[in-house]
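Visitor: mind folding the following:
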Amino acid sequence: MEKIMLAIGKFKEGEGHFEKFMGFMQSEEGMAERRKVAHVEKTVPGILPDKSGVMFKVHVHDEQAMKDFVSGRNPVMKPIYDECIQSIDLFELTPVSTD
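Guide: This is a model prediction of the structure:
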C-alpha cells in the first residue's frame with residue numbers, strides 16, 4: 001500500500017554537504033535505491049534557502065525500507081548519510097478535506 005510521507009533532513013555543519021548529498025540522490029546508484037522504497041517520479045523536493053536542510057514529499061511503497069533509508073541503516077545510503085546528515089525526521093501525511 002502506498003503512503004505519502006514527508007522526510008525533513010538537516011545537514012551536518014560544514015560546507016558542501018548539500019551538493020554531495022544531492023549528487024548522490026540524483027546518481028544512478030541513489031536513484032536505484034530510491035526506486036526500491038518510493039515512486040521517484042512522484043517525489044516533490046524542497047530546499048532550505050541556506051541549504052542547511054532538505055525535505056521531500058515521497059510516495060512510499062515500502063515503509064520499512066524507507067525508514068531504513070532515512071535512518072542510515074540502508075547499506076548503500078549509509079556512507080553518504082554518515083558524511084552529510086545530522087538527522088532526518090519522517091512523517092506520515094494524510095489528506096485534509098477543505099469542505
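Visitor: where do the helices of the protein begin and end?
Guide: 17-26, 28-37, 63-71, 78-84 (DSSP state H).
Visitor: and the shortest one, which residues are buried?
Guide: If you call a residue buried by 16 or more other C-beta atoms under 10 Å, then helix 78-84 has these buried ones: 80-81, 84. To be clear about C-beta, it is placed using only N, CA and C from the backbone, and glycine gets the same treatment.
Visitor: ok, so of those, who is nearest Ser97?
Guide: Among the buried residues of helix 78-84, Tyr81 lies closest to Ser97 (C-beta to C-beta), at 36.7 Å.
Visitor: can you pull the contacts of the residue lying closest to that closest one once chain neighbours are set aside?
Guide: Leaving aside its sequence neighbours, Tyr81 sits nearest to Gly72 (C-beta to C-beta, 6 or more residues apart in numbering; 3.7 Å). Contacts for Gly72 (C-beta atoms under 8 Å, 6 or more residues apart in numbering) come out as 78, 81-82, 85.
Visitor: ok, the residues you listed vs Glu29, which is closest?
Guide: Using C-beta to C-beta, the contacts of Gly72 come closest to Glu29 at Lys78, 12.4 Å.
Visitor: relative to Asp62, how far out is the closest one?
Guide: Going from Lys78 to Asp62 by C-beta to C-beta, to the nearest Å gives 17 Å.
Visitor: next: Asp50.
Guide: Remark: distance between Asp50 and Asp62 (C-beta to C-beta) = 32 Å.
Visitor: higher neighbour count, those two?
Guide: Legend: neighbour count by other C-beta atoms under 10 Å for Asp50 and Asp62, higher for Asp62 (14 against 8).
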